[in-house]
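> Sequence and predicted structure below; questions after.
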Amino acid sequence: MTTVLFVADRQSVIDRVSAALSGPDMEVIHIDDPDSAAAAAYDHGVDRVLVDLKVGSMGAMAVARAVRAKAGDGDAAIPVTVLLDREADAVLAGRSGAENWLTKDATAAELRKAVTAS
């Protein structure tokens, strides 16, 4: 089973992603506070962090950097996937250190593939 920490605060995004990822092979833990995302990711031992580009005052770039910084010495950071508003935002996701990204209009299959990628 894949466990995903989903960081978003817009209800329309939460509903769409939750529906796409629901199933017996995936557990989704949702939080709406980006400031606590890195700690929550490691506390819950998730396999992936999925974060909306424009979440709260912190944003996906800061969340991705915080998750990477929280990894202990010699430990691999939890991979981060960023949900983009538009493909042109990919440069931001790349600079954040996110492992991958996709736009919010991605299909459910594309979203599931992105959060289970190794």
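Now that the structure is in, tell me what you want to look at. Numbering: from 1, shown residues only.
> And the next helix or strand past the worst-scoring helix or strand of the chain on mean pLDDT?
Across the helices and strands of the chain, mean pLDDT, DSSP states H and E gives its lowest value to helix 90-96, namely a mean of 87. Using DSSP states H and E, the helix or strand that follows helix 90-96 in sequence is strand 100-103.
> Quick one: list the elements packing against that following strand.
Counting contacts by 3 or more CB pairs under 8 Å, 6 or more residues apart in numbering; DSSP states H and E, strand 100-103 is packed against strand 80-84, helix 90-96, helix 108-116. Yep, even glycine has a C-beta here, placed from its N, CA and C like the rest.
> returning to what we had before: mind listing what's buried in the least confident helix or strand of the chain?
Using 16 or more other CB atoms under 10 Å as the test for burial, helix 90-96 gives 90, 92-93, 96.
> Could you name the specific helix or strand carrying the residue nearest in space to the middle of the chain?
Centroid-nearest residue in the chain: residue 50, 1.2 Å away (criterion: CA atoms, centre = their mean). According to DSSP H and E, residue 50 maps onto strand 48-52.
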